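below are the sequence and a predicted model; questions follow.
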Amino acid sequence: MGTKVSKLTTGISAVVLAIGLCGCPTEWPLPPFDTTGEYEGSWQGQTNEAGKAEVQIVTGCPLTLTLEQDLTLNYPGDHGVRGTVVIDYSCIVLPEWMNGEIPPSTVEVTGLLADTGELILASGGLGPGIAVLLTLGGTGADVDADGFMDTYSGSWAFGFLLAGVQQPFGVTGTFEVASVD
């Protein structure tokens, strides 16, 4: 037991010494812009192999994002982003045997804004017999240099795994949104 404690103490001492010799950054990086705001645009994509025969997706499906970022937090918290994504499925052509429409999905997301403007947002959930995962990854831009993100575009995936179904069903594709002034 004494040897393990001695090795642990030696390891911790080495880390503290290395940090002391190298020093901490005097200034932490600031986010490239504030993502707080509302965004509207569209998504397009296709279903995976399990769903291709059942559903056809056309382009230009509505997509809305409402994002919040607290720039008053210390690094790295000031790079954190949270919000809501509303995915509208009105552009999906359902098979004849399915009646009605698919209601929009409203999904709470959290993510991280990189210093390069890349923004990753994700959400997931597990329930009895189902798993759901939404990811959006892309690049934001402050086009007018006012300190706020004006556009955000990239790729996205929304997947479902149902108990007893061999292959997950999902939609993947691209998206682009712009700030609503």
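Ah, there it is. Residues are numbered from 1 along each chain as shown.

what sits up against stretch 63-83?
Applying CB atoms under 8 Å, 6 or more residues apart in numbering, the external contacts of stretch 63-83 come out as 28-31, 34-43, 84-88, 108-115, 119, 121, 149, 152, 175, 177. Placement of C-beta: from N, CA and C, glycine included.

strands of the chain, start to end?
Here the chain has its strands, by DSSP state E, at 37-47, 56-57, 61-68, 80-87, 92-93, 105-113, 118-127, 130-141, 151-162, 169-179.

ok, the fifth one: who's next to it in the sheet?
Right, the one you point to is strand 92-93. Applying DSSP bridges to the sheet, strand 92-93 is found paired with strand 56-57 (antiparallel).

thought Ile92 was touching Pro62?
No - checked against CB atoms under 8 Å, the pair Ile92 and Pro62 is beyond contact range at 11.5 Å.

helices and strands of this structure: which one has the lowest mean pLDDT?
helix 2-22 (a mean of 48; mean pLDDT, DSSP states H and E).

OK, contacts around the residue nearest the centre of the chain?
Geometric centre of the chain, nearest residue: Leu121, 1.2 Å, by CA atoms, centre = their mean. By CB under 8 Å, 6+ apart, the contact set of Leu121 is Val81, Gly83, Val85, Val109, Thr110, Gly111, Thr135, Leu136, Gly137.

state the distance from the spatially closest residue to Ser105 that is not a sequence neighbour to Asn74.
Using CB to CB, 6 or more residues apart in numbering and skipping the chain neighbours, the partner closest in space to Ser105 is Ile87 (4.5 Å). Distance, Ile87 to Asn74, using CB to CB, to the nearest Å: 33 Å.

the more surrounded of the two?
More crowded of Ile87 and Asn74, by other CB atoms under 10 Å: Ile87, with 20 against 7.

circling back: so how far is Val93 from the residue nearest to the centre of the chain?
Distance of Leu121 to Val93, given as CB to CB: 27 Å.

do Val165 as well
22 Å.

one more: Ile120?
On the measure of CB to CB, Ile120 and Val93 end up 31 Å apart.

tell me which of those two has more neighbours.
Taking neighbours as other CB under 10 Å, Ile120 and Val93 compare with Ile120 leading, 16 against 9.

please list all residues in contact with that one.
Taking CB under 8 Å, 6+ apart, one finds Gly111, Leu112, Ala114, Thr135, Leu136, Gly137 in contact with Ile120.

run the last query once more with 6 Å
Shown in contact with Ile120 (CB atoms under 6 Å, 6 or more residues apart in numbering): Gly111, Leu112, Gly137.

same check, this time on Ala178
Gly41, Thr151 are the contacts of Ala178 under CB under 6 Å, 6+ apart.
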